[in-house]
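Visitor: what follows is a predicted structure for the sequence shown.
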Amino acid sequence: MFTDALPHPLRDLPGFPIGMRTEEKAKLRARYDQRAAYAFTPHSRPDTDGYQRFKGPALAGHLRCPNHPRSMRLPHTRPTSTCPPGAECACGRTVTLSPDVMAWTRQRNAWGTNAWAADYGRRSAVESGNAEIKTHRLHMDRGFTRVFGTTKNSILIAFALAGLNHILLRAWHTKRQLPDPWATFAGEETIEPAVPGPRTRARRRTITRTTLIDGAPPG
């Protein structure tokens with residue numbers, strides 16, 4: 001949710017298509033960061049009925065607006081709105097949204113910004129960790145632990161995850177032909193990791209149709 005002071009070049013920004021170059025993403029995120037200065041931000045937590053108050057960018061200290069003298073004391077590094085002096089604007093107001101208004105689009109950081117990208121980037125790490133736990137290495141599923149009670153299961157799962165971290169750490173070093181980190185920490189003799197060499201494929205015999213017809217029978 002933005003104020004009417006949002007510049008027109010920042011209103012209809014494109015998305016991030018698949019295959020977009022890193023440099024292009026950085027430039028586009030910079031534009032989203034510029035637009036975030038004109039956005040409303042939460043002023044309080046949702047109440048028991050789901051209603052939540054939002055404050056304008058001038059009230060939040062993100063934007064300088066001539067209709068709100070206090071915001072004009074902000075540093076000049078903050079953008080200044082083009083609101084006509086004396087005109088009504090929402091840059092320094094608060095609004096209350098009901099739980100059914102933009103419920104699916106509310107999030108902590110504005111979409112497309114660098115802060116949003118940092119939050120969203122953690123999803124890849126979480127999904128990779130879940131794949132290592134459930135599928136690739138640990139194979140943790142129903143019946144993985146055969147004890148009853150939350151405390152007993154928590155202790156066993158903690159040991160399993162610690163072992164998984166050790167396996168991942170060794171695999172990371174082995175892939176890069178580095179010594180075992182645990183052996184290095186313990187002062188033990190390190191053994192060079194055995195890295196398989198490139199596979200070679202046997203050369204196929206070339207048999208022509210004439211060889212099959214005129215040649216000797218097999219056996």
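Guide: Okay, I see it.
Visitor: where along this protein do the strands fall?
Guide: Under the criterion DSSP state E, the chain contains strands at 41-42, 52-55, 94-97.
Visitor: most tightly packed of those?
Guide: strand 52-55 (a mean of 18; mean count of other CB atoms under 10 Å). Where you see a C-beta, it was placed from the backbone N, CA and C, and this is true even at glycine.
Visitor: just checking, what packs against that strand?
Guide: Judged by 3 or more CB pairs under 8 Å, 6 or more residues apart in numbering; DSSP states H and E, strand 52-55 is in contact with strand 41-42, strand 94-97.
Visitor: which strands or helices does the shortest one pack on?
Guide: It stands for strand 41-42. With contacts taken as 3+ CB pairs under 8 Å, 6+ apart, strand 41-42 sits against strand 52-55.
Visitor: parallel or antiparallel, list what pairs with the strand it packs on.
Guide: strand 41-42 (antiparallel), strand 94-97 (antiparallel) (DSSP bridges).
Visitor: closest to P14 out of the ones you listed?
Guide: Closest to P14 of the strands paired with strand 52-55 is strand 41-42 (CB to CB; 23.8 Å).
Visitor: among the strands of the chain, which comes closest to H68?
Guide: strand 52-55 (11.4 Å).
Visitor: quick one: mean pLDDT over that closest one.
Guide: In this model, strand 52-55 has a mean pLDDT of 93.
Visitor: what are the contacting residues of that strand?
Guide: For strand 52-55, contacts defined as CB atoms under 8 Å, 6 or more residues apart in numbering pick out 1, 40-46, 93-97, 99.
Visitor: ok, those residues vs N109, which is closest?
Guide: Closest approach to N109 among the contacts of strand 52-55 (CB to CB): T41, at 9.9 Å.
Visitor: surely the closest one and G61 touch.
Guide: No - using CB atoms under 8 Å, T41 is not in contact with G61; the gap is 9.6 Å.
Visitor: which stretch among the strands of the chain comes nearest K134?
Guide: Among the strands of the chain, strand 41-42 comes nearest to K134, with 34.9 Å by CB to CB.
Visitor: just how off-centre is that closest one within its chain?
Guide: 22 Å (CA atoms, centre = their mean, to the nearest Å).
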